[in-house]
Every structure is written in structure tokens, then in C-alpha cells.
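Engineer: Dropping the sequence and predicted coords here.
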Amino acid sequence: MRGIVFVGDGKAVVTDDLEVRAPKPHEVVVRMVNAGVCHSDLSVLDGTIAFPTPCAMGHEGAGVIEEVGSAVKSVVIGDHVVISTLANCGRCSACARGIPTRCRSSIGNMSRPFTYLGDPCFNFAASSCFSERTVIDAIQAVKIDSSVPFTSACLIGCGVITGMGAVLNRAKVAPGETAAVFGVGGVGLNAIQALRLSGAARIIAVDTLASKESLAKQFGATDFINAAEVDSASAAIRDLLPGGSGMYNPGGVDWVFECTGVPKVLHDAIDALEWGGTAVAVGVPAATAMLEKPIFTSFVYIDKGVIGCRYGTARPHHDFPKIADWYLQGKVMLDELVSAVYPHSEFDTVLADMHDGKLARGVLAF
């Protein structure tokens, strides 16, 4: 079976020497059709996300149910599914309250359902979508309308839900509020289009690449700031939305969505907030990354806040089909996120194009 395996030292190999075991009673086997390549995959390669080796890579995919365990009732062979990386238990208090991203079982539950060159091989993000076949818990297989093309559907499972969920589920942005999105990649674009759906009055996109402006505005941005051309993107945002004179940087937006995972960007983005605003940390930094801000002048005295957001605070079995339906109704853009589709064997080409800033999302085909 073909797959892409991280073998350490920043190296991934495309191999035919990968195998996956049969499903347990509560599991399913998915035949992958398409998978998006996300910056979190790059973070494994560059060591930002530390992971044991070997591991079968990929976490943003869609495919067809090929085999089901004896206890599975939620899907049947032939169903089209988007894979969720949340292997939540479905039984704890968090799951019962509809917040599976806070399920304790959904973190640190890596296993080795694969073998590579005959030796045990870890999965990645409980999904391993860069394999021709993968085995996952049935709760991770979310059935969607079969008329949604796999090339677009696969993106729902990470970039789309992470960006849209940050706006709709975590922040719950209200009509008329203002926001800035730092980082116009796959996640940032989906935060932008969720802000459009929310009725945000001003949506300011920030990136260091001028080429991202047209795409950001296509998805709903009202303004674009090229961070490479200004001394301070946050000051430029406050110039667009001045708050009058006074101490502690008045002016700015109600919400900031930091989608790069770069600590300095989050640090600076907080300064783009109007008094009472909130920064949402969406991008994934290194585990050792720190945030330092003056507590009194940055938060306490002007009612500002910072919140984290894991996986768009997703409720996959509610959110994924809803996003698919919005796509079919023309409310959500998915096709436009797919910059290019690559054969499975051209993984290195996708990485190079990502590095050069050519892609909103590159998609692998199996």
C-alpha cells in the first residue's frame, strides 16, 4: 500500500511498503481519495510538532468507507466521509455537552495501526490521510453528501473547520463587529469567509505576500494590509479604525484571529484590538512558544483578552455536514481553496509550492 511516512530528520518518503491492520469492532477503514496538505504537516517535518517515527502522515482527508468493524452503526460501506482528527470518546462530560475538542481522550491517543517495512508505524493526528487506506475510530468518519467533490470535501476536515470554527464556534462573532485575520493561508481564508457569513462590518486581512490580497478579498475581506510594507500591521489597522485620542492604543478591531502560529505575530496582533477586543490564537506554534505582554496595560485596564481555539472548537458531526450543505447552496467557497491537485507521488512538489507561497491549499490525489 502506498503512503507518505515521516522517518525523522525532516524527511518524508513516498513508499509502497506501508500496511494497515484490520479494523477493531468500533473502527472503520477508509479508502482515501483526496487529502489536503496543511502547514501542520510541515510542522512535523521541521520539528515544530515533535512526533515519533516512523509515522504515516496526513490529517486532512476524505474518502469512501471500505470496511466497518462489527460494532459500527453510524456509517456503511460506500459512504462518502470526511475524516475528523478528533478521536473523542463520545461519552465524557465534554462530549455530552457538545464540546468534543475538550474531551481528554482526544489528545495524546496516538497508536500504531500501520507497519512500515514490516515494523510498527504510528498514525498522525489519529488519521494518517496520506495513505491509500487508513483505519480510524468510527466517530471520526463524518458522512457528507456524495455530490460534494472529494477535492473540496477533504479540506473541511482541517483548514476549513479550523478557520470557520474559530469564528463561528469559539468567538461567535456578531453582525456589525470588526475583525482582522493575520495569515491568509488555508485557515485564514476560512476565518475570512466565516466572518463574511457572520455579517462582520470590517474584515481586515494581513499577510506578508501581496499576492494574497485578491484571494483574501474574493473570500470576503474588506481591506488588505501587506505586513511587509508597513512598520506595524497593528498600527495600520488602528489607522483604518481609529478610536480617538487616549492612552493604551485606542482604536482597532473587536476580534483578531492569529492564524500563522508565529508567537511574535500574536504578540503584535493583540495591539490591533480595540478596548474590549479579543485575540483568538488559532495557529499552532512550537510547544515551547511563549507570549509576553504587559498585563495591566494590555489586558486588565482595557478589557482585552486572549483565548485559544483548538480545531475550530469543532462539533464534527454537526459542523462538517452543515459546511458541505452551505457549499452546495453557494454560501461557502471550497473549490476556490484548491490551488492545485497533485499525484500522491509529487509530495515534494507540494511542499516546495507551499514554501514559495503559491498555494491556498495543495491537494493530493490517490
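Structural biologist: Received the coordinates, thanks. Residues are numbered from 1 along each chain as shown.

Engineer: Report the rounded mean pLDDT for stretch 114-128.
Structural biologist: Here stretch 114-128 scores 97 as its mean pLDDT.

Engineer: Just the C-alphas of it, formatted as PDB.
Structural biologist: Once non-C-alpha atoms are left out, stretch 114-128 reads as follows in PDB (Å, rounded to 0.1, in the frame of the first residue of the first chain):
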ATOM      1  CA  PHE A 114       0.400   0.700  10.500                       C
ATOM      2  CA  THR A 115       3.500  -1.200   9.600                       C
ATOM      3  CA  TYR A 116       6.300   0.300   7.600                       C
ATOM      4  CA  LEU A 117       8.900  -2.000   6.100                       C
ATOM      5  CA  GLY A 118       7.400  -4.600   8.500                       C
ATOM      6  CA  ASP A 119       7.900  -2.600  11.600                       C
ATOM      7  CA  PRO A 120       5.200  -0.800  13.700                       C
ATOM      8  CA  CYS A 121       4.400   2.700  12.400                       C
ATOM      9  CA  PHE A 122       2.500   5.500  14.200                       C
ATOM     10  CA  ASN A 123      -0.500   7.200  12.900                       C
ATOM     11  CA  PHE A 124      -0.600  11.000  12.800                       C
ATOM     12  CA  ALA A 125      -3.400  13.100  14.300                       C
ATOM     13  CA  ALA A 126      -5.400   9.800  14.700                       C
ATOM     14  CA  SER A 127      -6.000   9.900  11.000                       C
ATOM     15  CA  SER A 128      -3.000   9.400   8.600                       C
END
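
Engineer: Okay, buried residues for that stretch please.
Structural biologist: 114-116, 121-128 (16 or more other CB atoms under 10 Å). All C-beta atoms are positioned from the backbone trio N, CA, C, and that covers glycine.

Engineer: Same check on stretch 98-114?
Structural biologist: 100-101, 103, 105-106, 112-114.

Engineer: Save those residues as JSON lines, and put in distance to C259 and secondary structure too.
Structural biologist: Shown next, in JSON lines, are these (distance: CB to CB, whole Å; DSSP: H, G, I helix; E, B strand; the rest coil):
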{"residue": "P100", "distance to C259": "22", "secondary structure": "helix"}
{"residue": "T101", "distance to C259": "17", "secondary structure": "helix"}
{"residue": "C103", "distance to C259": "24", "secondary structure": "coil"}
{"residue": "S105", "distance to C259": "27", "secondary structure": "helix"}
{"residue": "S106", "distance to C259": "22", "secondary structure": "helix"}
{"residue": "R112", "distance to C259": "32", "secondary structure": "coil"}
{"residue": "P113", "distance to C259": "31", "secondary structure": "coil"}
{"residue": "F114", "distance to C259": "31", "secondary structure": "strand"}
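
Engineer: Just give me the closest of these to G10.
Structural biologist: F114 (20.4 Å; CB to CB).

Engineer: for the buried residues of stretch 114-128, which one is nearest V81?
Structural biologist: Distances from V81 to these, taken by CB to CB, are shortest for S127, at 11.4 Å.

Engineer: Just say helix, strand or coil for the closest one.
Structural biologist: Classification of S127 by DSSP: H, G, I helix; E, B strand; the rest coil places it in coil.

Engineer: Does it touch M57 like I think?
Structural biologist: No: S127 lies out of contact with M57 (CB atoms under 8 Å); the separation is 9.7 Å.

Engineer: Assumed G188 was part of a helix.
Structural biologist: Yes: under three-state DSSP, G188 sits within a helix.

Engineer: Could you pull up the contacting residues of the spatially most central residue of the chain?
Structural biologist: Among the residues of the chain, G159 comes closest to the average C-alpha position under CA atoms, centre = their mean, at 3.3 Å. Residues in contact with G159 (CB atoms under 8 Å, 6 or more residues apart in numbering) are 36, 38, 60, 185-187, 190, 337, 361.

Engineer: Who wins on neighbours among those?
Structural biologist: Tallying neighbours with other CB atoms under 10 Å puts N190 at the head of the contacts of G159, with 35 neighbours.

Engineer: pretty sure that one is touching G163, no?
Structural biologist: Yes: assessed by CB under 8 Å, N190 is found in contact with G163 at 2.9 Å.

Engineer: For stretch 44-58, C-alpha coordinates in PDB please.
Structural biologist: Only the C-alpha atoms of stretch 44-58 are listed here, as PDB (Å, rounded to 0.1, in the frame of the first residue of the first chain):
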ATOM      1  CA  VAL A  44       6.000  17.700  11.700                       C
ATOM      2  CA  LEU A  45       8.800  17.800   9.100                       C
ATOM      3  CA  ASP A  46      10.500  20.900  10.600                       C
ATOM      4  CA  GLY A  47      10.200  19.700  14.200                       C
ATOM      5  CA  THR A  48       7.700  22.300  15.400                       C
ATOM      6  CA  ILE A  49       5.400  19.500  16.200                       C
ATOM      7  CA  ALA A  50       7.500  16.700  17.800                       C
ATOM      8  CA  PHE A  51       6.400  13.300  16.700                       C
ATOM      9  CA  PRO A  52       7.800   9.800  17.000                       C
ATOM     10  CA  THR A  53       9.000   7.900  13.900                       C
ATOM     11  CA  PRO A  54       8.100   6.300  11.700                       C
ATOM     12  CA  CYS A  55       4.600   7.800  11.300                       C
ATOM     13  CA  ALA A  56       2.100   7.700   8.500                       C
ATOM     14  CA  MET A  57       1.500  11.400   7.700                       C
ATOM     15  CA  GLY A  58      -1.600  13.400   6.800                       C
END
